[in-house]
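Undergrad: Sharing a model that was predicted from the sequence below.
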Amino acid sequence: QVQLVESGGGLVQPGGSLRLSCAASGFTFSAYAMSWYRQAPGKERELVANIGPAGVSAVYADSVKGRFTISRDNAKNTVYLQMNSLKLEDTAVYYCSTRMRRNDYWGQGAQVTVSS
């Protein structure tokens, strides 16, 4: 079955960097777009970034443009989110996701806390 497992979250100071990873299994990873979402306390889940199957095209939320980079390694069935210049408002649980045949699949989430 489809499995998405995030890793790399943690506590970081404002201005710092983190890299999230999402290891995928149970499907043909290279055939599907992948996304990162986040959900802050008391807020709705929002799309952070999306990358096409080949890794050529990517889109970003305005709030993270120029600071975050999504990438993927199809040989390793892994998608990444490099987060630089982190701000307090980036604090959230970050989820890896993909959509197949109108079904959405989610990882368990990785906590990212930006605090001084």
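TA: Everything's here; your move. Because the structure is predicted, anything quoted here is derived from the model rather than measured.
Undergrad: quick one: the residue nearest in space to the middle of the chain from N50, how far?
TA: The C-alpha lying nearest the average C-alpha coordinate of the chain belongs to W36 (CA atoms, centre = their mean; 2.9 Å). In this structure, W36 lies at 8 Å from N50, with CB to CB, to the nearest Å as the measure. Using the backbone N, CA and C atoms, a C-beta is placed for each residue, glycine as well.
Undergrad: re the thing from before, who does the one helix or strand the residue nearest to the centre of the chain maps to pair up with?
TA: Secondary structure from DSSP states H and E places W36 in strand 34-39. Sheet pairing of strand 34-39 (DSSP bridges) gives strand 46-51 (antiparallel), strand 92-100 (antiparallel).
Undergrad: Identify the contacts common to W36 and N50.
TA: When contacts are counted by CB atoms under 8 Å, 6 or more residues apart in numbering, W36 and N50 are jointly contacted by I70.
Undergrad: List the buried residues for stretch 17-35?
TA: For stretch 17-35, the neighbour count (16 or more other CB atoms under 10 Å) marks 18, 20-24, 27, 29, 32-35 as buried.
Undergrad: try stretch 77-86
TA: Along stretch 77-86, these residues count as buried under the neighbour rule (16+ other CB under 10 Å): 77-81, 83, 86.
Undergrad: Distance from the chain centre to that stretch, please.
TA: For stretch 77-86, the separation from the chain centroid amounts to 7 Å (computed by CA atoms, centre = their mean, to the nearest Å).
Undergrad: Which strand residues bridge the residue nearest to the centre of the chain?
TA: Note on W36: beta-bridge partners by DSSP bridges are A49, C96.
Undergrad: With that, I have no additional questions.
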